[in-house]
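Student: Provided below for reference: sequence and predicted model.
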Amino acid sequence: MIQGIGFYALLSAAGISPAFAADLPAGFVRLADMDPSIRQDIRYAGFENFLHRKVSGYDAPVCVLTRQAAQALSGVQKAIAAEGLTLVVFDCYRPARAVSDTGEWTKTGGPPDPQWYPKVKRKDLIAKGYIGELSTHSRGSTVDVAIARANRKSAPKPACGATDADTLDFGTGFDCFDPVSETAHRPIASEAAANRKKLVEAMHAGGFKNYAREWWHFTLEDEPFPRERFNFPVTDE
């Protein structure tokens, strides 16, 4: 923990209560403390993910981000709220230990999973580029995100990836490890293509860049820790 009057003055100037931020590394916040209107569906803290279990380092289903990324994401939320929409985040900061956990999991091998990786064997997920041995998420300014209707009306459930996320139709769910998840993949239904375009444009306007192989994956362009990877756990207090 960083002590000192200067640190707390900096938090106050940024609009962050020390009571919320003091237990996080300097520069990090919990998204709910910055913008509680953004819906959170943190998959790696539970069982509804491709490992079918909690991932190491996720002690709570909470989105943690750098202050800059959280502020930028809040700006995107305000922009789309005018259309009766809301952001839904599936993953934010990811501890380095979680990245190692998923990497070790691939080594145990196994057949394709029809929900999460229908065409690839588990041991090939890293080689095929679906799981990284390092992750931009560990730098704290990357977020996996979709758009939903603020009134929570459900969308059609995709066959691959997270199937109960209650988002607009993006053609797949979050974490569908398949070429159809590529942002510009074609052919794809026109509604799904339009929703991907809407998401990319909204996030780009907010200062985020998309990872072309995953329509849901965005990194803040001017991220504060571009060369650092963090390993503190995700907690709610």
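Tutor: Received, thanks. Computed from a predicted model, the values in this text were never measured in an experiment.

Student: Find the residue closest to residue 157 in space, skipping its chain neighbours.
Tutor: Counting by Cβ to Cβ, 6 or more residues apart in numbering, residue 157 lies nearest to residue 163, which is 4.7 Å off, once chain neighbours are set aside. No exception for glycine: its C-beta is placed from N, CA and C like everyone else's.

Student: Please enumerate the strands of the protein.
Tutor: Taking DSSP state E as the criterion, the chain carries its strands at 28-30, 39-40, 64-66, 85-91, 142-149, 208-210, 217-220.

Student: Next, format those strands as CSV and append mean neighbour count.
Tutor: Putting the strands of the chain into CSV (neighbours: other Cβ atoms under 10 Å) gives the following:
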stretch, mean neighbour count
strand 28-30, 24
strand 39-40, 19
strand 64-66, 25
strand 85-91, 23
strand 142-149, 24
strand 208-210, 20
strand 217-220, 24
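
Student: what's the closest of the ones you listed to residue 55?
Tutor: Distance to residue 55, taken as Cβ to Cβ, is lowest for strand 85-91 among the strands of the chain, at 9.4 Å.

Student: Okay, now the sheet partners of the closest one, with direction.
Tutor: Paired strands of strand 85-91, with direction, are strand 39-40 (parallel), strand 142-149 (antiparallel) (DSSP bridges).

Student: where's the longest one relative to the chain centroid, distance-wise?
Tutor: Put simply, strand 142-149 sits 7 Å off its chain's centre (Cα atoms, centre = their mean, to the nearest Å).

Student: Now it - C-alpha only, PDB.
Tutor: Extracted in PDB, the C-alpha atoms of strand 142-149 (Å, rounded to 0.1, in the frame of the first residue of the first chain):
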ATOM      1  CA  THR A 142      -8.000  -4.100 -21.500                       C
ATOM      2  CA  VAL A 143     -11.600  -5.000 -21.200                       C
ATOM      3  CA  ASP A 144     -13.800  -7.700 -22.700                       C
ATOM      4  CA  VAL A 145     -17.200  -6.100 -23.300                       C
ATOM      5  CA  ALA A 146     -20.500  -6.200 -25.200                       C
ATOM      6  CA  ILE A 147     -23.600  -4.100 -25.500                       C
ATOM      7  CA  ALA A 148     -27.000  -4.900 -24.100                       C
ATOM      8  CA  ARG A 149     -30.400  -3.200 -23.900                       C
END
